[in-house]
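Peer 1: missing the sequence, but the structure's below:
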């Protein structure tokens with residue numbers, strides 16, 4: 001069966017029609033096997049007669065009331081003071097990225113305590129001593145979760161299945177673990193797993209690469225907000241949203257504990273090839289299909305509603321939805337966003353704008369102009385920034401200069417002086433701040449704020465631009481690595497740019513002056529950019545940055561009323577498919593000791609998205625190999641690379657850099673000051689377009705996070 005034909009949601013099928021098209025898993029490689037067909041579940045669709053009754057349009061406040069978390073709905077959100085709410089999002093910061101950052105931070109700390117220079121390494125007796133200390137060091141010395149279950153496997157196949165079933169039952173009934181330690185946010189008291197489920201309208205993308213960017217009025221790239229005809233079924237009636245899972249003919253890509261594992265650290269992901277069977281039904285390719293993107297993911301956090309890929313601040317009919325930041329400002333609270341990437345990139349823009357397409361520059365800029373957040377900081381690059389005319393109006397003498405203070409990167413202004421103009425500004429006086437870095441304000445037009453590598457420096461990293469090889473018919477057949485040494489950021493400009501944690505302190509100090517309180521979203525966006533490039537050196541540096549950011553937030557909270565007056569949430573918008581090998585701590589240590597920290601990303605890296613290249617070559621329509629095997633054909637790491645760096649991206653067997661995209665695997669959230677709201681929503685459902693979507697056992701969803709932030713911000 002062709003990948004492009006999987007889960008065709010009866011766009012042209014009548015009510016009650018039956019389809020044998022599968023749910024988009026593709027084929028998985030059996031352990032130690034090549035190729036092979038996979039049994040596909042049948043899907044029946046009923047677009048125009050949803051089997052689930054309409055329960056009325058929902059919002060976060062009604063959800064809280066329905067679940068008994070609040071006793072009554074106030075007549076106005078603005079009745080009570082509430083807490084300051086701070087949401088920190090690590091873009092792409094899946095559970096395994098957190099573990100990588102936590103372990104690496106502890107390795108670096110221990111090496112420093114031994115006298116090893118992290119940037120240059122060690123030699124002689126010190127190097128020998130350090131390597132001896134880390135010899136045989138494994139992940140189990142830091143984390144107990146995520147390691148394969150050591151079980152005696154009987155030879156009889158029936159007994160194997162019984163043993164696997166009993167072990168899986170034991171695991172499903174055991175308390176949730178996985179919190180880990182080593183980073184500042186892992187010290188927060190509350191921890192939960194969060195699903196990133198998405199609506200699925202119409203046909204899948206080729207190769208099931210991300211969910212379809214489609215609303216009920218068509219492909220979002222073809223029109224602006226609301227400017228399209230309703231999609232009709234064959235009976236001429238508008239399509240009806242079905243909240244069931246896509247495997248049951250519905251319009252939701254829901255999490256499946258059997259195919260994807262009960263938690264992000266499910267031991268099935270860490271089973272070696274040819275070792276022992278995975279749990280029955282588990283499929284390592286399941287999380288490759290129909291992933292969420294940062295736009296609709298952040299939109300769920302921002303407004304508590306589900307929408308389609310590329311969409312933010314609008315519902316599935318492209319009608320605007322108010323974000324928690326906008327609600328805060330309506331109640332005279334301050335509202336801010338700050339990011340390490342462009343200000344109007346997907347995650348921050350979801351709290352400010354209303355657009356059916358994250359790539360629509362003028363809709364993004366119109367949204368910023370209308371919302372006018374109290375504080376906004378990031379890079380000002382490409383279309384993902386406030387318009388030039390608006391920025392000019394904020395300059396001295398402009399018609400917005402009495403309201404806005406516009407700061408931007410300037411070679412004449414040192415980092416320690418950058419925020420001096422904010423010292424006497426107060427949001428209660430109607431003052432607002434826009435701070436721009438990179439783009440036209442940088443010599444090389446950077447899209448990102450400076451971020452370090454594993455060695456703590458901003459120079460000498462592998463920059464990769466792999467070369468896609470093609471046959472005589474111009475069809476891609478593979479990728480050749482092509483890497484050079486480059487710097488994270490122009491050295492001469494580092495002195496002019498505050499560190500991310502310093503930006504955080506400036507934002508908190510300014511917004512904290514508002515007597516009515518504030519909402520602030522902080523994004524470390526470089527984790528995602530690094531993971532797309534399969535670049536562990538960049539990823540670890542970005543993880544160190546978010547660790548510093550959260551520590552800055554915690555320090556500010558401690559000095560400003562504690563968690564009685566503040567609520568802190570730290571989470572991700574989506575996962576990437578990363579797996580650490582058991583000897584990752586030793587591998588990290590040895591590279592640092594040898595003065596080769598940058599080589600935690602192999603020189604053989606390509607920065608080519610393996611599945612995009614494969615789909616471009618039509619591999620999604622080729623059933624002679626599994627998806628994993630197709631990915632391997634477009635990866636460039638060697639087995640020696642994988643063992644040296646002790647990690648790989650993509651499913652096991654796909655090559656070390658065999659993915660480069662989001663996954664549909666749940667993420668995790670750490671919180672403090674939530675007062676039990678998230679815990680009360682574990683396993684609960686939610687509504688999409690007035691229909692009830694089932695919750696996932698042991699987990700919350702992103703829309704629940706919005707509801708609990710609303711509860712804290714407005715003292716509901």
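Peer 2: Received it, and whenever you're ready, just let me know what you need. What you are looking at is a predicted structure, and each value in this text was computed from that prediction instead of being measured. Numbering: from 1, shown residues only.
Peer 1: who are the neighbours in contact with residue 600?
Peer 2: 454, 536, 537, 540, 587, 588, 591, 645 (C-beta atoms under 8 Å, 6 or more residues apart in numbering). All C-beta atoms are positioned from the backbone trio N, CA, C, and that covers glycine.
Peer 1: same question for the longest strand belonging to the chain: list its buried residues.
Peer 2: For the chain, the strand with the greatest residue count under DSSP state E is strand 334-342. Buried positions in strand 334-342, judged by neighbour count with 16 or more other C-beta atoms under 10 Å: 334, 335, 336, 337, 338, 339, 340, 341, 342.
Peer 1: Three-state assignment for the residue nearest to the fifth one when sequence neighbours are not counted, please.
Peer 2: With C-beta to C-beta, 6 or more residues apart in numbering as the criterion, residue 338 has its nearest non-adjacent residue at 4.0 Å, and that residue is residue 377. The assignment at residue 377 comes out as strand when based on DSSP: H, G, I helix; E, B strand; the rest coil.
Peer 1: give me every residue that touches residue 377.
Peer 2: The contact partners of residue 377, taken as C-beta under 8 Å, 6+ apart, are 337, 338, 339, 343, 433, 434, 435, 436, 503, 507.
Peer 1: recalculate using a threshold of 6 Å.
Peer 2: Residues in contact with residue 377, defined by C-beta atoms under 6 Å, 6 or more residues apart in numbering, are 338, 435, 503.
Peer 1: what's the closest of those residues to residue 662?
Peer 2: Lowest distance from residue 662 to the contacts of residue 377 (C-beta to C-beta) belongs to residue 338, with 22.7 Å.
Peer 1: need the contact list for that closest one.
Peer 2: Residue 338 touches 377, 503, 507, 522, counting by C-beta under 6 Å, 6+ apart.
Peer 1: from residue 370, how far off is it?
Peer 2: Going from residue 338 to residue 370 by C-beta to C-beta, to the nearest Å gives 20 Å.
Peer 1: what do you get for residue 215?
Peer 2: If you measure residue 215 against residue 370 using C-beta to C-beta, the figure is 21 Å.
Peer 1: again, but for residue 508
Peer 2: With C-beta to C-beta as the criterion, residue 508 and residue 370 are 25 Å apart.
Peer 1: more neighbours, these two?
Peer 2: Higher neighbour count among residue 508 and residue 370: residue 508, with 26 against 12, using other C-beta atoms under 10 Å.
Peer 1: which is the next helix or strand following whichever strand or helix holds that one?
Peer 2: Taking DSSP states H and E as the criterion, residue 508 maps to helix 500-511. Under the assignment DSSP H and E, the closest C-terminal helix or strand after helix 500-511 is strand 518-524.
Peer 1: tell me the secondary structure at residue 384.
Peer 2: Applying three-state DSSP: residue 384 is coil.
Peer 1: let me know whether it touches residue 342 as I believe.
Peer 2: Yes. Using C-beta atoms under 6 Å, residue 384 is in contact with residue 342, at 3.4 Å.
Peer 1: which of the contacts of residue 600 sits closest to residue 673?
Peer 2: residue 540 (28.6 Å).
Peer 1: okay, that closest one: pLDDT?
Peer 2: For residue 540, the model assigns a pLDDT of 98.
Peer 1: how close does it get to residue 135?
Peer 2: Note on residue 540: its distance to residue 135, by C-beta to C-beta, is 22 Å.
Peer 1: please apply the same query to residue 317.
Peer 2: Look at residue 317 and residue 135: by C-beta to C-beta, they are 60 Å apart.
Peer 1: returning to what we had before: include distance to residue 117 and pLDDT when you put the buried residues of strand 334-342 into CSV, please.
Peer 2: Shown next, in CSV, are the buried residues of strand 334-342 (distance: C-beta to C-beta, whole Å; pLDDT from 0 to 100):
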residue, distance to residue 117, pLDDT
334, 43, 98
335, 43, 98
336, 38, 98
337, 37, 98
338, 32, 98
339, 32, 98
340, 27, 97
341, 31, 97
342, 35, 97
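Peer 1: so residue 615 belongs to a helix, correct?
Peer 2: Yes. Secondary structure of residue 615 (three-state DSSP): part of a helix.
Peer 1: phi first, then psi, for the closest residue to it other than its chain neighbours.
Peer 2: Using C-beta to C-beta, 6+ apart and skipping residues adjacent in sequence, the residue nearest residue 615 is residue 207, 4.1 Å away. Main-chain dihedrals, residue 207, degrees, to the nearest 10: phi 70, psi 10.
Peer 1: tell me, how many residues neighbour residue 207?
Peer 2: Residues near residue 207, counting by other C-beta under 10 Å, number 25.
Peer 1: re earlier: for the residue nearest to residue 338, list each beta-bridge partner.
Peer 2: As for beta bridges, residue 377 partners with residue 338, residue 435 under DSSP bridges.
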